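1. build me a model from this:
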Amino acid sequence: MSVQLAEITSSEPFPGLPTRPEPEALGCARGSPVFSGRPGGLAVRSDGAVLLSLPSTRAVWRVDRGWAHSVSEIEVEEARDGLGRSLVAPTGLSTGPDGTLYVADVAGHRIWAISPGGSWLLVAGSVCGYGDGPSGEARFRRPTDVTIGPDGTLYVADSGNHCIRTISPGGVVATLAGSIFDFGDGRGADGRFRQPLALDVDAAGNCYVADTGNNAIRRVAPDGEVTTVVGSPQGGDADGVGMEVGLRWPTGIAIGHGGELWVADYGNRAVRRIERNGATTTALRFEGRRWPVCPALTPEGELIVAIEVISGKTRPLSRLISIQAAR
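-> Numbering: from 1, shown residues only. Take a look at the predicted model:
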């Protein structure tokens, strides 16, 4: 596969969020933005706009090519629902068909929604813990990613509870798979994860999970049956098929338009492509102090990857790159 890289070049405030001049400390030159802090989550809207979350700065940026360069940060004091509860650290992002943005709040242990007009809604979660049930009573422990299924169900990577959770359109939280900190295939609680950090769902309702602590990619069927697609707990750095594939701390996953999986293999500084039969190839490898964190696909099939960059003794920075030949 021929891969061409390009940097995404400009940003636009997210609708309904407070806007202020771009901080000089971010080191953003016009046409080549650098974001302060490590990437948390990435999503692409139906209109092609890219949304990037930065948990350390409590921000979500909207990025468009060809727009005026500006930034909009979501501050804890400003981003509150009607009861005064606030967003703490945005990580995983997902956009619904109506333009609603869903946000996993890793430090607040909640899932939020932002309407296209900028209104806030607490979807589910209360205090840190574990518990299924109605949205206001359910508990999560460090949810790191959220995605929306074809029927409107939300899927949550509940990393601290080592589970995959669902939130029905009616607001009821249930555990789809997972239980204790372990590795193993099986249905429901018999399927074991170790700190799953990211997930995506296909049109048939199959959930694909970056099982980060197990160095593996897992598949959760709609009935909760967990199977291993590639990788194994011992980890490594190798292409191949199935469990012979070596991954090291995969942190992000996206399903391509042809059913292939794109994985941010963070520990190996690589972006992997996994075919439906489990055959895995390395699409891109970074050099130096750059690590891929999370991928996302545009409606046209272009792959966007948020990468972490460390330069000198500064805090981590984020950049966005595009892989032009993602099909």
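
2. distance check, the residue nearest to residue 297 when sequence neighbours are not counted against residue 188.
-> Once flanking residues are discounted, residue 297 sits nearest to residue 254: 5.4 Å by Cβ to Cβ, 6 or more residues apart in numbering. Where C-beta positions appear, they are placed from N, C-alpha and C, glycine not excepted. Note on residue 254: its distance to residue 188, by Cβ to Cβ, to the nearest Å, is 26 Å.

3. more neighbours: the two, which one.
-> Residue environment comparison for residue 254 versus residue 188 gives the larger neighbour count to residue 254, 26 against 15, counting by other Cβ atoms under 10 Å.

4. give the bridge partners for that one, please.
-> According to DSSP bridges, the residues that bridge with residue 254 are residue 262.

5. correct me if wrong: it contacts residue 295.
-> Yes - using Cβ atoms under 8 Å as the test, residue 254 is close enough to residue 295 to be in contact (4.4 Å).

6. overlap of the contact sets of those two?
-> Listed contacts common to residue 254 and residue 295 are 262, 303; contacts here mean Cβ atoms under 8 Å, 6 or more residues apart in numbering.

7. buried ones in stretch 140-155, by neighbour count?
-> 140-149, 153-155 (16 or more other Cβ atoms under 10 Å).

8. is it possible to get TSV of the residues you listed that adds pLDDT and secondary structure?
-> What follows is the buried residues of stretch 140-155, written out as TSV (pLDDT from 0 to 100; DSSP: H, G, I helix; E, B strand; the rest coil):
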residue	pLDDT	secondary structure
140	98	coil
141	97	coil
142	98	coil
143	98	strand
144	98	strand
145	98	strand
146	98	strand
147	98	strand
148	97	strand
149	97	coil
153	98	coil
154	98	strand
155	98	strand
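
9. so residue 264 makes contact with residue 296?
-> No - because the distance of 10.2 Å does not satisfy Cβ under 8 Å, residue 264 is recorded as not touching residue 296.

10. the two: which is more packed in?
-> Higher neighbour count among residue 264 and residue 296: residue 264, with 30 against 25, using other Cβ under 10 Å.

11. give me the number of residues near residue 276?
-> For residue 276, the number of neighbouring residues by other Cβ under 10 Å comes to 10.

12. quick one, what contacts it?
-> 259-260 are the contacts of residue 276 under Cβ under 8 Å, 6+ apart.

13. ok, residue 151 next?
-> Here residue 151 is in contact with 169, 205 (criterion: Cβ under 8 Å, 6+ apart).

14. residue 113 sits in which helix or strand?
-> Taking DSSP states H and E as the criterion, residue 113 maps to strand 110-114.

15. tell me what angle that strand forms with strand 143-148.
-> Between strand 110-114 and strand 143-148, the angle formed by their directions is 40 degrees, by axes from the mean of the first three to the mean of the last three Cα atoms, to 10 degrees.

16. now do the same contact list for the residue nearest to residue 297.
-> Under the criterion of Cβ under 8 Å, 6+ apart, the neighbours of residue 254 are 200, 261-262, 294-297, 303.

17. let's see which of these end up in helices.
-> Secondary structure assignment (DSSP state H) places none of the contacts of residue 254 within helices.

18. may I see the buried residues of stretch 140-155 arranged in a markdown table, with distance to residue 97 as well?
-> As requested, the buried residues of stretch 140-155 are exported to a markdown table (distance: Cβ to Cβ, whole Å):
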| residue | distance to residue 97 |
| --- | --- |
| 140 | 24 |
| 141 | 29 |
| 142 | 28 |
| 143 | 22 |
| 144 | 23 |
| 145 | 19 |
| 146 | 15 |
| 147 | 13 |
| 148 | 8 |
| 149 | 11 |
| 153 | 13 |
| 154 | 13 |
| 155 | 15 |
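
19. out of those residues, which is nearest to residue 182?
-> Distance to residue 182 across the buried residues of stretch 140-155 (Cβ to Cβ) is lowest for residue 141, with 16.1 Å.

20. let me know whether residue 245 touches residue 235 as I believe.
-> No - taking contacts as Cβ under 8 Å, residue 245 lies outside contact range of residue 235: 10.2 Å.

21. between these two, tell me which one has more neighbours.
-> The residue with more neighbours, out of residue 245 and residue 235 and counting by other Cβ under 10 Å, is residue 245; that gives 26 against 19.

22. what about the more buried one, distance to residue 279?
-> When distance is defined by Cβ to Cβ, residue 245 is 9 Å away from residue 279.

23. repeat that for residue 121.
-> Here the distance between residue 121 and residue 279 works out to 41 Å (Cβ to Cβ).

24. what do you get for residue 122?
-> Counting by Cβ to Cβ - residue 122 and residue 279 are separated by 42 Å.

25. who has more neighbours out of the two?
-> When residue 122 and residue 279 are compared for neighbours, residue 122 comes out ahead with 21 against 15, by other Cβ under 10 Å.

26. do I have it right that the more buried one meets residue 85?
-> Yes - with contact defined as Cβ under 8 Å, residue 122 reaches residue 85; the gap is 5.8 Å.
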